[in-house]
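Build me a model from this:
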Amino acid sequence: MAKRILLEPSRTLGEFRLLPGLTTVASSMENVSLRTLLAVDPRTGAHTGLGIPLLASAMQSVSGPRMAIALARCGGAAVIYCSQPAVEQAAMVGAVKQAEVGAGHDAALGSDGRLLSLAAINTRDYEERVPLLAAAGVDGVAIDSSDGFSVFQQACLEFLGSRFPGLPVVAGNVITAAGFAFLADHGAWAVKVGMGSGSICITQEQKGTGRGLATALIDVCGQRDRLAERTGRYVPVIADGGVFTAKDIAMALAIGADTVMMGRYFARVDESPTEAVTMDGKVMKPYWGEGSARAREWRQARYSQVTFEEGVEGYVECAGPVAASLEATLSKIRASLSSCGCATIAELHEQAEIELVSALSIREGDVHDVHMPGAGAASGPGPRGCRGGHRNGGRGRRGPAHDPEPQT
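Model prediction:
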C-alpha cells in the first residue's frame with residue numbers, strides 16, 4: 001500500500017476567491033506597490049528584487065533577449081532558456097546586459113546598474129555552463145527541471161554555493177513542503193513551485209505526477225513561513241505553471257507566492273522569439289513545451305528521458321507588445337490588492353482572506369443569462385459552443401488552439 005494517501009482533492013487557483021478588506025488611502029490603487037523579492041542570499045540576507053512580480057518562462061518559444069530586455073524595462077525579468085549551447089545562451093545574456101536601460105523608472109536592474117539578466121541551467125552541464133554565463137554578466141540562474149526534489153539539484157546547489165557564492169540561484173520545481181525544505185536546506189535563494197499545470201505540459205497525463213497549483217502553494221508557502229519564523233531566513237516562492245490571467249496572478253500572490261512565472265502569457269507578445277503566422281484569419285505565434293517533440297534534443301537535460309513527451313506544441317493568438325498587455329494586467333493586480341486593503345505584496349501575504357468556492361459560485365461569477373451580439377449564441381445555463389483546436393500529430397491537448405488576451 002502507498003506510504004500516504006491524501007483524500008482531500010488537489011485545488012487549482014481558479015477554485016478560490018479573495019474576500020475584500022478595508023480599502024484605505026494608503027491601499028488605493030495609485031498607492032499600491034508591486035515590488036517584490038526574487039531571491040535572497042541564505043548566508044547574508046542580500047536580496048534581488050523586481051519592480052513587478054512577473055517572470056517569463058525559460059522556454060525556446062518565450063524568453064530570448066528581446067523578451068528579456070523588454071520585460072526588464074517594465075520591472076520584471078525573462079529567464080533565458082538553456083535548451084541551447086552554453087556559448088549561445090551566454091551571448092544572449094550579454095546582449096541583455098549591453099542594452100540601454102531606457103526611461104522606465106521601475107526597470108529591474110542588476111547590481112551593476114544594467115538591466116537584470118537571468119538564465120536557466122540544467123543539472124547536467126552546469127559546471128561548464130555557469131562559468132560562461134557568469135563571464136557574460138548573468139545576474140542570477142534558475143535550475144530548470146520538472147522535478148527539483150532530487151540529489152541532482154542538491155549537487156548543483158552545492159557546486160554553485162562553493163564556486164559562485166554570490167550568484168542568486170532559483171531551484172525547483174517542487175510541489176510539496178518536503179521538496180521545498182530539501183532545496184532550502186541545500187542553499188536555494190528562491191524556489192519555483194508547480195508541476196504539470198502549464199497549458200502545454202502533459203506530465204500529469206504521462207506520469208501521473210503533479211498537483212493543483214493552489215494546493216502546492218499552500219503546502220510550500222506554509223513551510224516557507226515556518227522556516228522564516230524558526231530561523232529568520234526568508235526564501236521567496238515563485239508560482240510556475242497554469243498562471244495566465246490577472247486573477248490567477250493575484251490569487252497566487254495572495255496564497256503566498258512572491259513572484260509568478262508564465263509561459264503562454266508571454267509567448268503571445270511581439271517580443272517572444274517566434275515568428276507570427278496567419279491561421280484561420282488570425283495572427284498566431286507557435287508555442288511549445290520544453291518536453292515536446294520539437295525540443296527533443298534538450299529533453300534529456302530537463303526530464304532525464306527521451307522516450308516519451310511531457311509537452312505539446314500549439315499556437316497562441318498574438319497580443320501585440322508586451323508593455324501593452326502588462327498595462328492592463330498590472331492595473332487589475334493593483335485593483336485586487338487595493339480591494340483587499342493591501343498596499344504591498346507583503347501585506348497581501350499577511351492580510352488576505354481567501355475562500356474556496358463551489359462550481360455554481362464560479363458559474364455565477366461568469367457572464368450568464370444575457371444575449372451578447374456577435375458572441376454566436378446567448379450566454380446561459382447548459383453546454384457552450386466548442387472552439388476548434390489544432391492538434392500536434394494527435395498529441396495536442398483537448399481545447400482551444402489559442403486564448404484571447406487576458407482582459408476579462
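
Look up how far residue 170 lies from the residue most central in space within the chain.
Nearest residue to the geometric centre of the chain (Cα atoms, centre = their mean): residue 261, 1.3 Å. Taking Cβ to Cβ, to the nearest Å as the measure, residue 261 falls 9 Å from residue 170. (Each C-beta comes from the backbone N, C-alpha and C, glycine too.)

overlap in contacts of these two?
192, 238 (Cβ atoms under 8 Å, 6 or more residues apart in numbering).

Could you list every helix and strand in contact with the helix or strand encompassing residue 287?
Using DSSP states H and E, residue 287 sits within strand 282-288. If contacts are counted by 3 or more Cβ pairs under 8 Å, 6 or more residues apart in numbering; DSSP states H and E, strand 282-288 sits against helix 264-267, strand 277-279, strand 313-317.

Go through the ones you listed and find the least confident stretch.
Among these, strand 313-317 has the lowest mean pLDDT, at a mean of 86.

buried residues in the next helix or strand after that strand?
Using DSSP H and E, the helix or strand that follows strand 313-317 towards the C-terminus is helix 322-339. By neighbour count on 16 or more other Cβ atoms under 10 Å, the buried set for helix 322-339 is 322, 325-326, 329-330, 332-334, 336-339.

What about the residue lying closest to residue 210 once chain neighbours are set aside, how many residues nearby?
Residue nearest to residue 210 in three dimensions, not counting chain neighbours: residue 196, with 2.9 Å by Cβ to Cβ, 6 or more residues apart in numbering. Counted with other Cβ atoms under 10 Å, the neighbours of residue 196 add up to 24.

Would you mind confirming that residue 196 makes contact with residue 208?
No: using Cβ atoms under 8 Å, residue 196 is not in contact with residue 208; the gap is 9.3 Å.

before we move on, the earlier item: starting at the chain centroid, how far to the helix or strand containing the residue nearest to the centre of the chain?
Using DSSP H and E, the element containing residue 261 is strand 259-262. Distance of strand 259-262 from its chain centroid, counting by Cα atoms, centre = their mean, to the nearest Å, is 3 Å.

what lines up beside it in the sheet?
strand 54-56 (parallel), strand 237-240 (parallel) (DSSP bridges).

what mean pLDDT does that strand have?
Per-residue scores along strand 259-262 average to 97.

what residues does it touch?
If you take Cβ under 8 Å, 6+ apart as the criterion, strand 259-262 is touched by 36-38, 50, 53-57, 79, 190, 192, 194, 236-241, 243-244, 248-249, 252-253.

quick one: low-confidence parts of the stretch 101-250 of the chain?
103-105, 199-200, 202-205 (pLDDT under 70).

mind running it again at 90?
The stretch 101-250 of the chain contains residues with pLDDT under 90 at 101-106, 146, 196-210, 241-242.

which stretches of it form helices?
126-135, 151-163, 177-185, 203-207, 213-231, 246-255 (DSSP state H, counting those that start in this stretch).

buried stuff in stretch 273-290?
273-274, 284-290.

residue ranges with poor pLDDT in the stretch 251-400 of the chain?
Within the stretch 251-400 of the chain, the segments meeting pLDDT under 90 span 280, 287-316, 359-400.

Does residue 165 touch residue 44 like I think?
No: using Cβ under 8 Å as the test, residue 165 is too far from residue 44 to be in contact (9.4 Å).

returning to what we had before: next, give me the two most distant ones among the buried residues of stretch 273-290.
Spatial extent of the buried residues of stretch 273-290 (Cβ to Cβ) is set by the pair 284 and 290 at 19.9 Å.

Not counting its neighbours along the chain, what's nearest residue 336?
Using Cβ to Cβ, 6+ apart, the nearest residue to residue 336 is residue 250, at 3.7 Å.

Could you check how many residues crowd around that neighbour?
Counted with other Cβ under 10 Å, residue 250 comes out at 25.

Distance-wise, check residue 330 relative to residue 337.
11 Å.

My error: substitute residue 62 in the last question.
Where residue 337 is concerned, residue 62 sits at a distance of 26 Å (Cβ to Cβ).

Next: residue 172.
From residue 172 to residue 337 the distance is 25 Å (Cβ to Cβ).

in the helix or strand containing residue 71, what counts as buried?
When elements are assigned from DSSP H and E, residue 71 belongs to helix 65-74. By 16+ other Cβ under 10 Å, the buried positions in helix 65-74 come out as 65-74.

That helix packs against which elements?
Counting by 3+ Cβ pairs under 8 Å, 6+ apart, the packing neighbours recorded for helix 65-74 are strand 54-56, strand 77-80, helix 86-98, helix 322-339.

contacts for it?
Against helix 65-74 from outside (Cβ under 8 Å, 6+ apart): 51-52, 54, 56, 77-78, 80, 92, 95-96, 99, 101-102, 104, 106-109, 115-118, 266, 269, 271-273, 321-323, 326.

rerun at 6 Å
56, 78, 92, 95-96, 99, 102, 104, 107-108, 115-116, 271-272, 322-323, 326 (Cβ atoms under 6 Å, 6 or more residues apart in numbering).

Looks like residue 217 contacts residue 255 (just checking).
Yes: the pair residue 217 / residue 255 is scored as a contact, 4.5 Å apart, by Cβ atoms under 6 Å.

and residue 2, how many neighbours?
Residue 2: 5 neighbours (other Cβ under 10 Å).

I meant to write residue 269 there.
There are 25 residues near residue 269, going by other Cβ under 10 Å.

What of the one 3 residues further on?
The number of residues packed around residue 272, counting by other Cβ under 10 Å, is 29.

again with residue 43
12.

Spatially nearest residue to it (excluding sequence neighbours)?
residue 165 (7.4 Å).

With pLDDT as added columns, please give the buried residues of helix 65-74 in CSV.
Formatted as CSV, those follow (pLDDT from 0 to 100):
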residue, pLDDT
65, 97
66, 97
67, 97
68, 98
69, 97
70, 96
71, 97
72, 97
73, 96
74, 96
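
For these, name the two members farthest from one another.
Farthest pair in these (Cβ to Cβ) is 65 and 74. Separation: 15.1 Å.

Return the residues in contact with residue 269.
Contacts for residue 269 were tallied using Cβ under 6 Å, 6+ apart; they are 319, 322, 325.

got JSON lines for those, with distance to residue 139 too?
Formatted as JSON lines, the contacts of residue 269 follow (distance: Cβ to Cβ, whole Å):
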{"residue": "319", "distance to residue 139": "27"}
{"residue": "322", "distance to residue 139": "20"}
{"residue": "325", "distance to residue 139": "24"}
